[in-house]
Structure formats: structure tokens, C-alpha cells
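Engineer: Need a 3D model of the sequence below.
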Amino acid sequence: MTTSSRPRGRPRDPVAQAQREDALLEAATKIFAEHGFRQTDVQWIADALGVGKGTVYRRYPSKEALFLATVDNGMRRLTLSVTAGIDEIEDPVEAIAASVRRYLAFFDAHPEVLELLIQERAEFKDRPKPTYFEHRDANIDPWRKLVAGLIRDGRVRRMKVDTVLDVVSHALYGTIFTDHFVQRRRSFASRADEILDVIFHGILTEPYS
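Structural biologist: Numbers count the residues shown, from 1 in each chain. Purely as a prediction, here's the structure:
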């Protein structure tokens, strides 16, 4: 009779693993956002989850790795929030408007993610590119095609596609930080309407030369 060398025990449940990972990153996000990267003790995160500190370190070998994972997770959530169902919107202009509203809505609902972006810039200035811009650049191609189509159809005047995207992106990026720092209490919906009005209609009543 032969015996198998395969270790015994129940097989790993990928769904349960994903849920534990989500719980870990959610707890870490809240604690890092509240206390800051330097002040946070990984033990606090372990305590919030009801696990040992070693359990956290088996998943992430350092506090820095855990922190950067929370930032990366926040940007993945932002991307999913902004792009969900966009392909089902037939009018490209409406798709842009919807993405602008969803972008501002995300940071309105999750200011803790914005806190992480601020901390990443302060604590990890030597990184080649901040996580926010890594995700932006990795997910920009569908928007390039969308704007290029609007230019081709004559709905947007002829100009560099990346110029359009940079202006819109920087306007949104600046808005979330400005509103956060001055604690502006206006709704994200009204801010979105203002941005879309200026971007889509401009501010001049006649051409500028």
C-alpha cells in the first residue's frame, strides 16, 4: 500500500482567501489613513482583524509593503468604480461625464484613500512614479480611443488626444486635493457639473486668438 506525499487538510478556498485579503487591506487603509504611515504599528492592524501580527507579516513582509498594497488596492477600486458599465453608455460624451461624476463620487465616499495618496507622496518620494499615476497610465488607452473617436467625428476640435486627457485628468486630480485641504462641503455632484460645464462649453463667448 502506497501513501501520498500530498499534505493533508482541506484545500484552500480562493473565495475565503480573497475575503481575508480584502479585510486586511480595508483595516490597514483605515488605520494608515487615521494615524499615518510612520506612526502606525502593524500590531494595530492585526488587532483590528483579530489575528496575530505574524499572520499579517506572512502576507506582507514589511509595513512598507502593506502600505503600498493599500494604495494599490485603493487605485484598483477607483478604476473599477469609474469604468463600471462605461462600455454600455452609447454616447462617448456621456461616458466621459459619467466617469467624471464617478471619480469625484469615489473620493467623496472614500477620503481615506486620498489620505493614502498624500502619505505616499510624503513618505516615498524616491519612487519612480506614484501609484496613482501608475494606474492612470495603465488604464488610459480606452480613453485615448474614446477621445480620438470624438475628434474624428468632429465633436471635439482637432487637438492632441493626450492634451485633452491631461487637462481633464489634472483638473480632477487638483479638485480632489483642493476640496480635501480646504474642507469644502459642496457636493461632488455640483463640482462635477462645474468641471464638465467648463470642459465641454469653455468660458469664452467667442473664439480666442
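
Engineer: need the contact list for the residue nearest the centre of the chain.
Structural biologist: Compute the mean C-alpha point of the chain, and by CA atoms, centre = their mean the closest residue is Met75, 2.5 Å away. Applying CB atoms under 8 Å, 6 or more residues apart in numbering to Met75 gives the contacts Thr131, Tyr132, Glu134, His135. C-beta here means a position set from N, CA and C on the backbone, and glycine is covered the same way.

Engineer: try it again with 7 Å
Structural biologist: Thr131, Tyr132, His135 (CB atoms under 7 Å, 6 or more residues apart in numbering).

Engineer: with these in mind, which one is nearest to Asp87?
Structural biologist: Distance ranking of the contacts of Met75 against Asp87, using CB to CB, places His135 first at 18.8 Å.

Engineer: Look up the pLDDT of the closest one for me, please.
Structural biologist: pLDDT for His135: 97.

Engineer: That one against Arg77, yeah?
Structural biologist: No: with contact defined as CB atoms under 7 Å, His135 does not count as touching Arg77 (10.3 Å).

Engineer: So the two - more neighbours on which side?
Structural biologist: Taking other CB atoms under 10 Å, His135 and Arg77 do not tie; His135 has more neighbours (18 against 15).

Engineer: separation between the more buried one and Val93?
Structural biologist: From His135 across to Val93, the span is 24 Å (CB to CB, to the nearest Å).

Engineer: Equivalent analysis for Ala69, please.
Structural biologist: 36 Å.

Engineer: Tell me which of those two has more neighbours.
Structural biologist: Under the neighbour definition other CB under 10 Å, Ala69 and Val93 were set side by side, and Ala69 has more, 18 against 14.

Engineer: Can you give me the buried ones in the helix or strand that contains the more buried one?
Structural biologist: Using DSSP states H and E, Ala69 maps to helix 63-83. For helix 63-83, a neighbour-count test (16 or more other CB atoms under 10 Å) marks 63, 66-75, 78-79, 81-83 as buried.

Engineer: Same check on stretch 95-114?
Structural biologist: 95-108, 110, 112-114.
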